[in-house]
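Q: dropping a prediction and its sequence here:
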Amino acid sequence: MSRIALVTGGSRGIGEAISKRLQADGCTVAATYAGNDEAAAKFTAETGIKTYKWNVADYESSAAGIAQVEADLGPIDIVIANAGITRDAPFHKMTPDQWNQVIDTNLTGVFNTVHPVWPGMRSRKFGRVVVISSINGQKGQFGQVNYAATKAGDLGIIKSLAQEGARAGITANAVCPGYIGTEMVRAIPEEVLNSKIIPQIPAGRLGEPEEIARCVSFLASDDAGFINGSTISANGAQFFV
Ligand code: CAA
């Protein structure tokens, strides 16, 4: 059966790899993006995957966007809450704006993405929710009080959703990527990346976006119905829970 999948932040980085992987799995995929029209147009031209522009931090925009996706493609079976940003700074320098932007996008954005699709999943008795958390939600990170708070919050979200959705055939799981070779990680000052981060990864390398997409593909599959409220860590042995 061809499932309909929504991937937020699905045209770049880890989200791009997830969108392509779910398409390869046979899903009809819709990918959202926040601002980079050029990257989204290139992504659609290359993949044929439809893109939709909205800000996941805004509930009304998310609900309207999701209604449009469902009108175009059909009811959403699989939702991948992937969109996220960093505004790194040591806590003593972090501004309320840096805190709020990250909370609004990474944490409230998950609520705004899952809440509008949840009633349909409940009534159809099937759903797959996968939230892209982070190693830094598990272990914390110097310079990321805001980001780590949101990524730890994701784990509370999926554990609670799992309990609420289980009897309706809905699973909610998280993937915690370690440091993956995307623009987000490459934005870390090179000196910090080379001296402080890469030496902490026993695999000795950054992960590939496709390595995260393969985890998501499994959790989103019909076969993963008894895996609910779980977290898959994919971090090159950098951290164990
Ligand atoms: N551990 C310990 N000390 C650290 C450190 C670390 N990880 N990173 C920086 N420092 C130290 C520096 O050595 C420096 O110390 P000295 O002053 O004694 O030399 C000090 O902190 C730097 O302080 P500044 O006040 O100058 O800090 P800054 O304004 O330059 O900002 C920072 C520092 C923004 C935190 C920068 O170090 C940084 O970007 N670090 C990387 C944070 C990070 O890992 N982000 C992950 C992004 S990727 C992602 O989020 C995806 C994912 O899910 C994994």
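A: Nice, I can see it. What you see is a predicted model; the values in this text were computed from it and never measured.
Q: okay, which residue is most central for the protein?
A: What sits nearest the mean C-alpha location of the chain, by C-alpha atoms, centre = their mean, is Asn82, with 1.7 Å.
Q: need the residues that contact stretch 25-36.
A: 2-12, 15-16, 19, 22-23, 39-40, 43, 49-56, 65, 69, 72-74, 76, 78, 83, 217, 220-221 (C-beta atoms under 8 Å, 6 or more residues apart in numbering). To be clear about C-beta, it is placed using only N, CA and C from the backbone, and glycine gets the same treatment.
Q: so which bits of the protein are right by the ligand?
A: 86, 88-90, 93, 134-136, 141-144, 147, 177, 179, 184-185, 188-189, 192, 196-197 (C-beta under 6 Å from any ligand atom).
Q: run the last query once more with 5 Å
A: 86, 88, 134, 141-143, 179, 184-185, 188, 192, 196 (C-beta under 5 Å from any ligand atom).
Q: tell me the residue furthest from the middle of this protein?
A: His92 (28.1 Å).
Q: helix, strand or coil: sort out that residue for me.
A: helix (DSSP: H, G, I helix; E, B strand; the rest coil).
Q: check the offset of stretch 174-186 from the chain's centre.
A: Chain-centre distance of stretch 174-186: 11 Å, with C-alpha atoms, centre = their mean, to the nearest Å.
Q: show me the strands in the chain, by range?
A: 4-7, 28-33, 50-53, 78-81, 127-132, 170-177, 231-234 (DSSP state E).
Q: deepest-packed of these, please.
A: Mean neighbour count (mean count of other C-beta atoms under 10 Å) peaks for strand 4-7 among the strands of the chain, with a mean of 29.
Q: how about Arg214, nearest residue that isn't a chain neighbour?
A: Arg21 (6.7 Å; C-beta to C-beta, 6 or more residues apart in numbering).
Q: wait, that neighbour touches Ile212, no?
A: No. With contact defined as C-beta atoms under 8 Å, Arg21 does not count as touching Ile212 (9.2 Å).
Q: if we can go back for a sec, dump the residue contacts of the residue nearest to Arg214.
A: Here Arg21 is in contact with 210, 213-214, 216-217 (criterion: C-beta under 8 Å, 6+ apart).
Q: one more: Lys42?
A: Contacts of Lys42 (C-beta under 8 Å, 6+ apart): none.
Q: picking that back up, can you list the strands of the chain in a markdown table and add distance to Ile158?
A: Compiled in a markdown table, the strands of the chain are given as follows (distance: least, C-beta to C-beta, whole Å):
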| stretch | distance to Ile158 |
| --- | --- |
| strand 4-7 | 16 |
| strand 28-33 | 20 |
| strand 50-53 | 24 |
| strand 78-81 | 9 |
| strand 127-132 | 5 |
| strand 170-177 | 4 |
| strand 231-234 | 7 |
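Q: make TSV out of these and add mean pLDDT.
A: As requested, those are exported to TSV (pLDDT from 0 to 100):
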stretch	mean pLDDT
strand 4-7	98
strand 28-33	98
strand 50-53	98
strand 78-81	98
strand 127-132	98
strand 170-177	98
strand 231-234	98
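Q: was I right about the residue nearest to the centre of the chain contacting Ile18?
A: Yes. If you go by C-beta under 8 Å, Asn82 and Ile18 touch, sitting 6.2 Å apart.
Q: lovely, talk soon.
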